[in-house]
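Chemist: missing the sequence, but the structure's below:
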């Protein structure tokens, strides 16, 4: 595999999440020219984005400018653009540009790495997206923060008990790690931080329901840890609502269906979606161009070396792919940061080995353990043979997250905020701000909170 | 002045800025019931809001939740609502509410304090507001941050030299303290923080023009300090452009008129407005109801005890008023935090003294000095007899701002960020994030940056 005439081998990386970032970082000293394309100018530390939604952390604590990471790397170029598609035959990616701009509309590559991630799937009910909040993108988390804080403000102003109860009911859909984390933090917000902040209402009376179709929370963890997490959640004031499937979400609440097909209606102004995910539409586009299989979750199937069939120069990784094992069967790897990071490591090494003419090894995921935090001092950790819960698990969670957070300043600020919050039992919390005046419904991302205010 | 039958004296404070906040704080232990009404759930520390616009500070560093300030004060109630008008005869304020909400639409008071502040005035050219950025509200500062960072991103992508130059030209209109501060910080951003972050452009080549109608910057300071500030600005790379009046602002740049009526056109994609201010429309509404004089800047004239004519129970203060001196002539006090804070102190004492049946004194502003910062280690301080510039002035500025910042956590985080920035000569800066995808023009506050991207 040779570089283009008269230049170095050009590696184009699409996506500045955990996977793409790792590829670009590991190629900083390699004899290649790297271009990292993202539609945002920052890396988002997704495992902590949910803490923005409750005001525990500020948006800039969990983000880091991509340019600041590669300032000292002369062979890495950062480009702010939206990738709309691929021309694999011509070895080009297509960029979205606005009319009249004189910026380039496509970019050539010798090796392409696509790591475009995923977004939440509403299982065919895209109308729910308009109502439910999410904690996946930074903006969605900021919007949830406003939505949650406004619910308490509206409850304070409400004159009817029914209205007040609906404002103070929070439904979290999906009891995976994200659902558990956001439900736990909502409980701490209501029963700790906001305690004694209101006159007409007692925020501690807020109802937080964690709705799950399965018969236990944290389905990817051992049953003993699910039980412990469930107990911790109940102690915090979260009500796990199991064996219930969401069959309706609107501005007035949710409809849940039990196994016996009976349905139940819950009046709630705030619904947070943390259920299934769907791969970036770019996965589908890659699949179409090279004939690779695309599964129900929209993920393109890549070979055991993460490359596309008949396109060894195209690597795809992270949430948007499923990886074939040695028998060609797609494996389902969890959509977590360690998978993307290990795949990013692998992809960078693959590119370097190929340039050196050395043979490829296949990608193998090493699961170092699963962590889920529930609240201050409460977490569960499944480290294979060792299973921890409570404070020891939480301390591991804390260290891992501080350590992995990018940026010296971010680490210090997050440690400071968490220390203050821990020492004050959560009573001190400075990022509890509602941005975007609630009179302005023009922004579709805020339409949900505006609309419920206007009702 | 008696409270309503069967209850304590009710004080209604409109506005959670420096003035209103001071009134509510000083009445925490007084035998009155205080309701603080604001359309936002946070106090904004306006003197540092401009640092959000360049990514030096994060939005939550300069804000503090109003409820968190009064959690321990049982006689202070915080209410999130928009005040639309007054019925002074019935002693009521009118609140904006959306159809169907069951929240109250008016609130009664025994004493009313209105401290609703001001916004920028475009001298009759409201179309300029659509194009120019501001650093007054939190959202406007966040929008400027995106706009400035996007200008460099677009310059990096631009293929024509003219286009690149226009993207890298920043025009700040108005050379008062805010204009000087934002221009200085833009220069530090371009020549420090962003240095070595781009490949196609050199951010250090950015042009930053500080346009001023008068013949010197910082007109409210002694001439010697203006000269020193001007030298400091030039050393940072800002071009003070004096004796020029802005006669046009559009998406392609600004038109400036000189004293000899000749006009000059400057191609610039980013224009930041820091010129005249106009009082909140609530000042006009108060004036209409009680027959008080409203000046050209929309400020209502209050008596020397800050009350409205024939309405001793209504106090107005801060940016939205001009205060009569002993001869009945309206004095022009500067629109700065110390004025509002001193007036807030006075108003709270007035309310307490009246309840005790003690006579009123008149309000007197004590000017403790003027400060303006230009950049790291550079500031000017006019302390009456003592005039300082450079590092000593900057250290005073630093201490005063850290000390006045509300919230223990905010002080620590801001100190940490400034220390890191100082020690790294501004190269480390973590809040350089562009929020709100630039493809979405629906939000009017972001329309400016979106529109210029789309061109």
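Modeler: Done, it's in. Quick caveat: nothing in here was measured; it's all calculated off a predicted structure.
Chemist: Tell me how many other residues crowd residue A:403.
Modeler: Using other C-beta atoms under 10 Å in any protein chain shown, residue A:403 has 8 other residues around it. Every residue, glycine included, has its C-beta placed from N, CA and C.
Chemist: Relative to chain B, how far out is the residue positioned nearest the centre of chain A?
Modeler: For chain A, the residue nearest the mean C-alpha position is residue A:136 (4.0 Å; C-alpha atoms, centre = their mean). Distance, residue A:136 to chain B, by C-beta to the nearest C-beta, to the nearest Å: 14 Å.
Chemist: wait, doesn't that residue sit right on residue A:46?
Modeler: Yes - with contact taken as C-beta atoms under 8 Å, residue A:136 and residue A:46 are classed as touching, separated by 7.2 Å.
Chemist: With residue A:243 as the reference, measure out to residue A:261.
Modeler: 12 Å (C-beta to C-beta, to the nearest Å).
Chemist: More neighbours: those two, which one.
Modeler: Taking other C-beta under 10 Å, residue A:261 and residue A:243 do not tie; residue A:243 has more neighbours (15 against 7).
Chemist: Where does pLDDT dip in the stretch 101-250 of chain A?
Modeler: Counting by pLDDT under 70, the stretch 101-250 of chain A contains low-confidence ranges at A:101-102.
Chemist: show me where the stretch 351-455 of chain A has helices.
Modeler: Under the criterion DSSP state H, counting those that start in this stretch, the stretch 351-455 of chain A carries helices at the ranges A:390-404, A:408-423, A:447-454.
Chemist: Deepest-packed of those helices, please.
Modeler: Per residue and on average, the most neighbours among those fall to helix A:447-454, with a mean of 20 (mean count of other C-beta atoms under 10 Å in any protein chain shown).
Chemist: where's the residue nearest to the centre of chain A, which helix or strand?
Modeler: In the assignment (DSSP states H and E), residue A:136 maps to no helix and no strand.
Chemist: one step back: quick one: closest of the helices of the stretch 351-455 of chain A to residue B:276.
Modeler: Nearest of these to residue B:276, taken as C-beta to C-beta: helix A:447-454 at 31.4 Å.
Chemist: Return the residues in contact with the residue lying closest to residue A:47 once chain neighbours are set aside.
Modeler: Leaving aside its sequence neighbours, residue A:47 sits nearest to residue A:337 (C-beta to C-beta, 6 or more residues apart in numbering or on different chains; 5.9 Å). If a contact means C-beta atoms under 8 Å, 6 or more residues apart in numbering or on different chains, then residue A:337 has A:18, A:46-47, A:404 as its contacts.
Chemist: So residue A:337 versus chain B, what's the distance?
Modeler: 19 Å.
Chemist: Next: residue A:151.
Modeler: Distance from residue A:151 to chain B, by C-beta to the nearest C-beta: 11 Å.
Chemist: Spell out the secondary structure type for that residue.
Modeler: For residue A:151, the reduced secondary structure class is helix; criterion used: DSSP: H, G, I helix; E, B strand; the rest coil.
Chemist: What count of nearby residues applies to it?
Modeler: When neighbours are defined as other C-beta under 10 Å, residue A:151 has 22 of them.
Chemist: so it makes contact with residue A:271?
Modeler: No - between residue A:151 and residue A:271 no contact is recorded; they are 10.9 Å apart, counting by C-beta under 8 Å.
Chemist: Now for the closest residue to residue A:281 other than its chain neighbours, how many residues are close by?
Modeler: Leaving aside its sequence neighbours, residue A:281 sits nearest to residue A:298 (C-beta to C-beta, 6+ apart; 7.3 Å). Here the number of neighbours of residue A:298 (other C-beta under 10 Å) works out to 20.
Chemist: Thought residue A:286 was touching residue A:298, still the case?
Modeler: No - with contact defined as C-beta under 8 Å, residue A:298 and residue A:286 do not form a contacting pair (10.8 Å).
Chemist: Now for the closest residue to chain B within the stretch 251-400 of chain A, how many residues are close by?
Modeler: With distances taken as C-beta to the nearest C-beta, the stretch 251-400 of chain A approaches chain B most closely at residue A:251, which sits 11.2 Å away. Residues contacting residue A:251 under the criterion other C-beta under 10 Å number 14.
Chemist: Assess the claim that it and residue A:127 are in contact.
Modeler: No - counting by C-beta under 8 Å, residue A:251 sits too far from residue A:127 to count as a contact (11.0 Å).
Chemist: Retrieve the pLDDT associated with the nearest residue to residue A:360 once chain neighbours are set aside.
Modeler: Excluding the flanking residues, the one nearest residue A:360 by C-beta to C-beta, 6+ apart is residue A:305, at 5.0 Å. In this model, residue A:305 is scored at 94, pLDDT.
Chemist: ok so residue A:305 is a helix residue?
Modeler: No - under the criterion used here (three-state DSSP), residue A:305 is coil, not part of a helix.
Chemist: Would you mind confirming that it makes contact with residue A:364?
Modeler: No - look at residue A:305 against residue A:364 with C-beta under 8 Å: they stay out of range, at 10.9 Å.
Chemist: Look at the two and report which has more neighbours.
Modeler: Between residue A:305 and residue A:364, counted using other C-beta under 10 Å, residue A:305 has the larger neighbour count: 17 against 10.
Chemist: got a list of what the more buried one touches?
Modeler: For residue A:305, the contacting residues are A:312, A:350, A:360-363, taking C-beta under 8 Å, 6+ apart as the criterion.
Chemist: Residue A:244 now?
Modeler: Neighbour list for residue A:244: A:211-213, A:256-258, A:264 [criterion: C-beta under 8 Å, 6+ apart].
Chemist: can you check residue A:166 too?
Modeler: Contacts for residue A:166 were tallied using C-beta under 8 Å, 6+ apart; they are A:252-253, A:267-269.
Chemist: Show me the helices in chain A, by range?
Modeler: Ranges of helices within chain A are A:18-26, A:49-53, A:66-69, A:126-131, A:138-157, A:161-167, A:177-188, A:223-236, A:281-290, A:337-355, A:390-404, A:408-423, A:447-454, based on DSSP state H.
Chemist: picking up where we left off before, buried subset of the contacts of residue A:337?
Modeler: In terms of neighbour count (16 or more other C-beta atoms under 10 Å in any protein chain shown), the buried residues within the contacts of residue A:337 are A:18, A:46-47.
Chemist: Can I get these in JSON lines including distance to residue A:410 and pLDDT?
Modeler: JSON lines is the format used below for these (distance: C-beta to C-beta, whole Å; pLDDT from 0 to 100):
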{"residue": "A:18", "distance to residue A:410": "15", "pLDDT": "96"}
{"residue": "A:46", "distance to residue A:410": "14", "pLDDT": "94"}
{"residue": "A:47", "distance to residue A:410": "13", "pLDDT": "93"}
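Chemist: nearest to residue A:112, of those?
Modeler: When these are compared for distance to residue A:112 (C-beta to C-beta), residue A:18 wins out at 18.2 Å.
Chemist: How about the contacts made by that closest one?
Modeler: A:46, A:318, A:337, A:340-341, A:344.
Chemist: Neighbours of the closest residue to it other than its chain neighbours, how many?
Modeler: Closest residue to residue A:18 in three dimensions, ignoring its sequence neighbours and counting by C-beta to C-beta, 6+ apart: residue A:340, at 4.1 Å. Here the count is done by other C-beta under 10 Å, and residue A:340 has 27 residues near it.
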